[in-house]
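Enquirer: Predicted model and sequence below, questions to follow.
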Amino acid sequence: MKTLTRSLLCSTLIAAGVLAPAHAQLQVIEADERSSLSPGLEDAGQAAWNMELVHALPMPDGFFDPDAMFDPAAFGAAMRARQEAQEAAEDAGDDISEDELPPLPRYVPLALANTDIAFSGDHMFVGNYHGFNVYDITVDGAPELAASVVCTGGQNDVSVHGDLLFMSVEHNRARLDCSAGDPMEEVSAERFRGIRIFDISDLSNIRQVGAVQTCRGSHTHTLVPDPSDPGRLYIYNSATSSVRAGDELGICSDGEPEDNPETARYSIDVIEVDLDDPGSASIVNRPRIFGDVETGEIAALWRGGRAGVASQRTASTNHCHDITVYPELGIAAGACSGNGILLDISDPANPARIDELFDPDMAYWHSATFNNTGDTVLFTDEWGGGIGARCTADSPANWGANLIATLEGGQLEGQSFFKLPSIQGETENCVAHNGNLVPVPGRDIMVQAWYQGGISVIDFTDPRNVFEIAYFDRGPISEETLIVGGHWSVYWHEGKIYGAEIARGVDVLELRASEHLSEAELAAAMRAVTPETANVQTQTRIVWEDHPDVARAYLVQLERSEAIEADLAATVMSALDRWEAGRTPGRRLADQVSAAGDEAEGVDARRFAELASLLRRAAG
């Protein structure tokens, strides 16, 4: 067992505004049943608590090859051997042919890895470095493969809007027309790095209908609706890779801003899409969201490195890894390498930074999730890039974790860290990664991927007291060496949790009632109104049906926290039973609940208010 306390760093840095650290926190991370599961690709040991794996789909045909499994150590050794042979030949003045060099690995890293997920109507779209796959999720039993598209490029994160699918591409090996064969030239008119656009109106004939080239490719992207024009869509492109040559794309140049004020670093791309003419999509803005408006300084946020002897080696803020928008609130949270930032997106073509957060224990700000009310943001730290074992007994508890921040008056304030509470092995890549909200009214619950750390469901209703309420995990792919695998993304959607497993395929899971999550709360989650399309980085406000199930969820929570008197709770429960039988509750009961809420504080006060409001609407 290990116990780690977070050390707050130099008070002079805090006073100078460099640091806005989370409050000191003690987290104990112990070995549990997840820590010693047997290894295997198809037959690894499993552990589940308060959730159940109901389907495990293998990779589709053409998307799996055991030789494509990514072993970072072996790949690095092969590349070093090749470089050393070339250098030795140069030192000796010898010419060396390709045949005489140690061979290149057959596959690039993660060549067939599953990535992110989007939902639209009856279908789930799963990105993969080799293209994407489409599944019908309305069928009884396991989802059924409906279509596969081969289009290499990496990492091929996907999102959907109407009949269009958008895909992020950042690798140099991608070709404009999706055909095979890497463009080998240093400058190539055939190379593609940016956002692809596909017409998915006919899944039997998916077609690429647009392609927007960008300077650093596209690692992830976020769809942003235009509040004044439903025929127009914006895309915030987050790019993390190298800057391509200006000879290949004229708008591009590299360097630090003090040497090159036109550098393609230190900005995001804003792409405008005419939904009636997606082929005309283009970059309309490259805002300097890390700059200082008053001084004109382009690189005004964290420049990377360590903030103190006990801190992480942190990334420089010259790009965003992921941006999550909340259009109904007009804000976005950017996980931007060295900082977490808050953006005003009321004018989506011109996002502007409102606030920023730095913490010395965050190596690489990776992604962000708002709670439903938009006053809490959960940021993730992808320490080690997702290919390292970062949940071992020797890994600090606040590194590679979630940072939970509150948002008040346009200001972000770090509150606590939370890391997967299970020690993982040396051959399991593990760090905080992608997830979304489980729509339980009255609580902030999130399901989250931790790569080979598995799936964890947490309650962050109290930003300073986060705790785990369910999990699922498998043993490592290999006991001898780290083979990259595990869940890239896991998302709740219409009562199920869908997980994109990097090496194994797609998992479907369900939550089970427990002391931490009641039957009433699970039933209420099923009463959330599901949008036609769900892209996790475009967060929408969750609303629920006016139904007794939703009222019972609030009531159970008030009973759990002992905020409601037993007699009133019994009266409300009886009224809800009658409501379900067809007799709506009266307004007098709503008034009683509202009055009881006058004595409550914090989240319980909000639960009383929501319950009273629901009862009033039911009464008519």
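Expert: Cool, the structure landed. What you see is a predicted model; the values in this text were computed from it and never measured.
Enquirer: who's in contact with Ile251?
Expert: Counting by Cβ atoms under 8 Å, 6 or more residues apart in numbering, Ile251 makes contact with Cys215, Ala264, Ile283. Placement of C-beta: from N, CA and C, glycine included.
Enquirer: ok, and the most crowded of the residues you listed?
Expert: Cys215 (28 neighbours; other Cβ atoms under 10 Å).
Enquirer: Now do the same contact list for it.
Expert: Cys215 makes contacts with Ala239, Val243, Arg244, Leu249, Ile251, Cys252, Ala264, Asp269, as judged by Cβ under 8 Å, 6+ apart.
Enquirer: What's the PyMOL syntax to select whichever of the residues you listed are buried?
Expert: Selection command for PyMOL covering only the buried members of the contacts of Cys215, criterion 16 or more other Cβ atoms under 10 Å:
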select buried, resi 239+243+244+249+252+264+269
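Enquirer: Please dump the contacts of Cys215 into CSV; it should also carry distance to Ala174 and pLDDT for every row.
Expert: Below are these laid out as CSV (distance: Cβ to Cβ, whole Å; pLDDT from 0 to 100):
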residue, distance to Ala174, pLDDT
Ala239, 14, 96
Val243, 16, 97
Arg244, 12, 95
Leu249, 14, 97
Ile251, 19, 97
Cys252, 16, 97
Ala264, 18, 97
Asp269, 17, 98
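Enquirer: Tabulate the contacts of Ile251 (TSV), appending distance to Gly442.
Expert: As requested, the contacts of Ile251 are exported to TSV (distance: Cβ to Cβ, whole Å):
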residue	distance to Gly442
Cys215	45
Ala264	45
Ile283	42
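Enquirer: Pick the one among these closest to Trp399.
Expert: Nearest to Trp399 out of those is Ala264 (Cβ to Cβ; 30.0 Å).
Enquirer: thought that closest one was touching Cys252?
Expert: Yes: counting by Cβ atoms under 8 Å, Ala264 does reach Cys252; the two are 5.1 Å apart.
Enquirer: which ones are touching Tyr471?
Expert: Arg34, Ala47, Ala48, Trp49, Asn50, Met51, Ser422, Gly454, Ile455, Ser456, Val457.
Enquirer: Then Ala174?
Expert: Contacts were defined as Cβ under 8 Å, 6+ apart; by that measure Ala174 touches Cys151, Thr152, Gly153, Gly154, Arg191, Phe192, Arg193.
Enquirer: what separates it from Ala605, distance-wise?
Expert: Computed as Cβ to Cβ, to the nearest Å, the Ala174 to Ala605 distance reads 52 Å.
Enquirer: which intervals of this protein have sub-threshold pLDDT?
Expert: The chain contains residues with pLDDT under 70 at 1-26.
Enquirer: Same list, the contacts of Ile251, but as TSV with secondary structure and distance to Ser478 please.
Expert: Listed next are the contacts of Ile251 as TSV, based on DSSP: H, G, I helix; E, B strand; the rest coil; distance: Cβ to Cβ, whole Å:
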residue	secondary structure	distance to Ser478
Cys215	coil	38
Ala264	coil	39
Ile283	strand	43
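Enquirer: of the residues you listed, closest to His123?
Expert: Closest approach between these and His123, by Cβ to Cβ: Ile283, at 29.1 Å.
Enquirer: if I read this right, that closest one contacts Ile271, doesn't it?
Expert: Yes: at 5.5 Å, Ile283 counts as touching Ile271 under the criterion of Cβ under 8 Å.
Enquirer: shared neighbours of the two, anything?
Expert: Counting by Cβ under 8 Å, 6+ apart, the common neighbours of Ile283 and Ile271 are Val212.
Enquirer: got the contact list for the residue lying closest to Pro439 once chain neighbours are set aside?
Expert: Closest residue in space to Pro439, ignoring its immediate chain neighbours: Ala528 at 3.7 Å, by Cβ to Cβ, 6 or more residues apart in numbering. Counting by Cβ under 8 Å, 6+ apart, Ala528 makes contact with Pro439, Ile542, Val543, Trp544.
Enquirer: Tell me which residues touch Ala619, please.
Expert: Ala619 neighbours (Cβ under 8 Å, 6+ apart): Thr584, Pro585, Gly586, Arg587, Leu589, Ala590.
Enquirer: And stretch 345-352, how far out from the chain middle?
Expert: Between the centre of stretch 345-352 and the centre of its chain there are 22 Å (Cα atoms, centre = their mean, to the nearest Å).
Enquirer: gap between the nearest residue to Glu248 once chain neighbours are set aside and Val293?
Expert: Nearest residue to Glu248, sequence neighbours excluded (Cβ to Cβ, 6+ apart): Val187, at 4.7 Å. Applying Cβ to Cβ, the value for Val187 to Val293 is 36 Å.
Enquirer: Tell me where the stretch 1-150 of the chain has helices.
Expert: Assigned by DSSP state H, counting those that start in this stretch, the stretch 1-150 of the chain shows helices spanning 11-15, 72-92.
Enquirer: Figure out which of those is closest to Leu576.
Expert: helix 11-15 (49.3 Å).
Enquirer: what residues are up against Val126?
Expert: Val126 sits next to Asn114, Thr115, Asp116, Ile117, Phe132, Asn133, Val134, Tyr135, Val158, Ala500, Val506 when contact means Cβ under 8 Å, 6+ apart.
Enquirer: Run a quick neighbour tally on the last one.
Expert: So that's Val506. 23.
Enquirer: That one pairs with what?
Expert: Leu57, Ala500 (DSSP bridges).
Enquirer: OK, contacts around it?
Expert: Going by Cβ under 8 Å, 6+ apart, Val506 touches His55, Ala56, Leu57, Asn114, Met124, Val126, Tyr135, Pro143, Tyr498, Gly499, Ala500.
Enquirer: Same check on the fifth one?
Expert: The neighbourhood of Phe132, defined by Cβ under 8 Å, 6+ apart, consists of Phe125, Val126, Ser148, Val149, Cys151, Asn156, Val158, Leu165, Met167.
Enquirer: quick one: contacts for the fifth one?
Expert: By Cβ under 8 Å, 6+ apart, the residues touching Cys151 are His130, Gly131, Phe132, Met167, Ala174, Cys178, Arg196, Gln208.
Enquirer: Excluding sequence neighbours, find me the nearest residue to the residue positioned nearest the centre of the chain.
Expert: Of all residues in the chain, the one closest to the mean position by Cα atoms, centre = their mean is Asn434, 3.0 Å from it. Once flanking residues are discounted, Asn434 sits nearest to Ser489: 4.1 Å by Cβ to Cβ, 6+ apart.
Enquirer: how many neighbours does the one you found have?
Expert: Here the count is done by other Cβ under 10 Å, and Ser489 has 25 residues near it.
Enquirer: At which residues are the strands of the stretch 401-550 of the chain located?
Expert: 402-408, 411-418, 435-438, 445-449, 455-459, 467-474, 487-493, 496-501, 505-511, 533-534 (DSSP state E, counting those that start in this stretch).
Enquirer: Mind putting the ones you listed into JSON lines with distance to Ser594?
Expert: Output for the strands of the stretch 401-550 of the chain, formatted as JSON lines (distance: least, Cβ to Cβ, whole Å):
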{"stretch": "strand 402-408", "distance to Ser594": "25"}
{"stretch": "strand 411-418", "distance to Ser594": "29"}
{"stretch": "strand 435-438", "distance to Ser594": "27"}
{"stretch": "strand 445-449", "distance to Ser594": "25"}
{"stretch": "strand 455-459", "distance to Ser594": "26"}
{"stretch": "strand 467-474", "distance to Ser594": "29"}
{"stretch": "strand 487-493", "distance to Ser594": "31"}
{"stretch": "strand 496-501", "distance to Ser594": "35"}
{"stretch": "strand 505-511", "distance to Ser594": "31"}
{"stretch": "strand 533-534", "distance to Ser594": "33"}
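Enquirer: Quick check: which of the ones you listed is nearest to Pro39?
Expert: Pro39 sits nearest to strand 467-474 of all these, at 9.0 Å, using Cβ to Cβ.
Enquirer: What distance do you get for Tyr107 to Ser148?
Expert: 18 Å.
Enquirer: and Pro183, how many residues sit next to it?
Expert: The tally of other residues near Pro183 (other Cβ under 10 Å) stands at 17.
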